[in-house]
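>>> just need the structure, nothing else, for what follows:
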Amino acid sequence: MNNILQESVHSEEIKQIWALFKETDQELRKTAREADRRFQKLEKAIGDIAGKWGRFVEGMIVPGMVDLFEKRGIDIERLSQRVKVRKNGDEMEIDIMGVNGDYVVAVEVKSTLSTDDVKEFLEKLKKFRYFFPEYENRNVIGAVAGIVIDGGADKFAYRQGLFVIAQKGENVKFLNDKKFRPKEF
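Now for the predicted structure:
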């Protein structure tokens, strides 16, 4: 009879352990759902901050841009920010675009400009005329701008024919020397 009693006790203990496993599993699932919800909320907040920071950085570049290009003989008549175009399911966004009768200046703005950013922008410029056929008779030139410029990104951009714009106090300046001639895309 002792063995039967022991089996009954073991059986009851096993049921209790399984009940604890189920309860723990439910709690873990609930915690995971809550963590997912919080993570999504955090991702959204980070995205919002990044978007606001991007607009802030662009806002630092825009005021001095017309004067900068005017000193290089390019009078900008119209200046637009965040110009987006969709075509055949593809999309392109230009951070800042300056236009006159002869030129379109496309500017990529980064808080920290890297060589990879410059390479990506060069690829974007190769597709510019596809996305903006209305400027087919204009000289398309590019510029990159950064508050912080990672090692060598400015020199790389210069060698690729891009204007390089950097912050100087409350203003912006070209890092390109007077001999620089922009590449047309």
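
>>> straight-line length of stretch 95-103, end to end?
Stretch 95-103 has an end-to-end distance of 16 Å (C-alpha to C-alpha, to the nearest Å).

>>> what mean pLDDT does that stretch have?
What stretch 95-103 shows for mean pLDDT is 96.

>>> and stretch 30-39, by the same measure?
78.

>>> give me the low-pLDDT residue ranges for the chain?
Across the chain, the ranges flagged by pLDDT under 70 are 1-9, 41-42, 44-59.

>>> in it, which spans are helices?
2-71, 115-126, 128-131, 153-159 (DSSP state H).

>>> residue 81 is nearest to which of those helices?
helix 2-71 (5.8 Å; C-beta to C-beta). Every C-beta, even on glycine, is put in place using the N, C-alpha and C of the backbone.

>>> picking that back up, turn the helices of the chain into CSV, columns for distance to residue 97 and mean neighbour count.
Shown next, in CSV, are the helices of the chain (distance: least, C-beta to C-beta, whole Å; neighbours: other C-beta atoms under 10 Å):
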stretch, distance to residue 97, mean neighbour count
helix 2-71, 10, 11
helix 115-126, 12, 17
helix 128-131, 10, 16
helix 153-159, 18, 19
